[in-house]
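Trainee: Got a predicted model here, sequence first, then my questions.
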Amino acid sequence: MQIFRRVVLGIMVLGLTLSTLAILSCGGSDDDADETRLQANLSAANERQPPPPAPNPAGNGTAVLIISDDEQTINYTLTYAAVNDVTQAHIHVVNSSDLAGPIILFLCTNVGLGTNMPCAGAGPIPTPQPCPQGSVTITGTLTAADLSCKAATATSPAVLSFADAIAQLRAGNTYTNVHSTANPQGDIRGTDIFVD
């Protein structure tokens with residue numbers, strides 16, 4: 001009887017140990033641990049060169065960008081309010097936060113893509129979602145197909161691939177802004193800052 005109890009107790013301990021290991025390996029990990037989260041607080045005061053012709057101190061918003069752990073997607077949530085006649089919103093790349101830089105990724109547009117072109121060998125840039133009017137929140141996912149490649153200039157680094165765009169986001173060399181009819185170069189802007 002003593003041997004039987006020890007065998008049963010041993011099997012129970014083994015079963016408990018295996019169950020604990022299974023739980024930890026399946027559900028105990030944080031799937032978001034390797035994601036990179038950036039946020040930009042958008043305001044008219046953050047607009048740079050050239051200054052807006054019709055400053056909009058009431059305009060405000062946020063852009064939250066989440067880079068996936070495999071760096072193949074960027075999920076975004078853009079909010080804005082008190083911006084009249086929104087035309088488009090994008091992510092720009094720049095060497096200095098005091099300057100304006102070229103568009104690399106569209107978040108929304110009501111006026112098309114303009115002169116933005118896909119990277120060499122890529123198909124056409126997909127049509128971005130329309131920019132709604134009013135106090136809004138829009139979400140979406142960006143991939144390499146959405147990228148508008150840019151050569152280096154005196155004010156901006158080269159972005160020739162989605163990996164380059166991710167590197168510039170991580171380096172703090174990007175900003176998000178929302179454009180309007182009154183301020184076609186940008187109504188509200190914020191630098192994309194690493195938050196966790």
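Mentor: Ah, there it is.
Trainee: tally of neighbours for residue 111?
Mentor: 11 (other CB atoms under 10 Å). In short, each C-beta sits where N, CA and C put it, glycine included.
Trainee: Verify the contact between it and residue 87 for me.
Mentor: Yes - counting by CB atoms under 8 Å, residue 87 is a contact partner of residue 111 at 5.0 Å.
Trainee: quick one: the closest residue to residue 55 other than its chain neighbours from residue 111, how far?
Mentor: Counting by CB to CB, 6 or more residues apart in numbering, residue 44 is the residue found nearest to residue 55 once chain neighbours are left out, at 5.4 Å. Computed as CB to CB, to the nearest Å, the residue 44 to residue 111 distance reads 20 Å.
Trainee: Give me the distance between the most centrally placed residue in the chain and residue 74.
Mentor: Among the residues of the chain, the one closest to the centroid is residue 65, at 2.6 Å (CA atoms, centre = their mean). To residue 74, residue 65 is 5 Å away according to CB to CB.
Trainee: for residue 143, same thing?
Mentor: Applying CB to CB, the value for residue 143 to residue 74 is 8 Å.
Trainee: mind giving me the domain ranges of this protein?
Mentor: By the assignment in automatic domain parsing, the chain contains the domains 1-30, 36-194.
Trainee: ok, for residue 56, nearest residue in space, not its chain neighbours?
Mentor: Leaving aside its sequence neighbours, residue 56 sits nearest to residue 44 (CB to CB, 6+ apart; 4.6 Å).
Trainee: Tell me how many other residues crowd the one you found.
Mentor: The local packing of residue 44 (other CB under 10 Å) involves 21 other residues.
Trainee: what's next to the strand or helix carrying residue 177, contact-wise?
Mentor: Element membership for residue 177 (DSSP states H and E) is strand 174-180. Outside strand 174-180, the residues that touch it by CB atoms under 8 Å, 6 or more residues apart in numbering are 40, 42, 46-47, 56, 59, 61, 63, 65, 78, 80, 83-94, 97, 101, 104, 107, 131, 168, 185-192.
Trainee: Repeat the analysis, applying 7 Å as the threshold.
Mentor: Contact with strand 174-180 is made by 40, 42, 61, 63, 80, 83-94, 97, 168, 186-192, as judged by CB atoms under 7 Å, 6 or more residues apart in numbering.
Trainee: What mean pLDDT does it get?
Mentor: If you average the pLDDT over strand 174-180, you get 97.
Trainee: Using PDB, write down the CA coordinates of the helix or strand that it is followed by.
Mentor: Sequence order places strand 188-191 as the next helix or strand after strand 174-180, per DSSP H and E. Taking C-alpha atoms only, strand 188-191 is exported to PDB below (Å, rounded to 0.1, in the frame of the first residue of the first chain):
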ATOM      1  CA  ILE A 188      -1.300  70.200 -36.800                       C
ATOM      2  CA  ARG A 189       1.900  68.200 -36.300                       C
ATOM      3  CA  GLY A 190       3.700  66.100 -33.700                       C
ATOM      4  CA  THR A 191       7.000  64.200 -33.700                       C
END
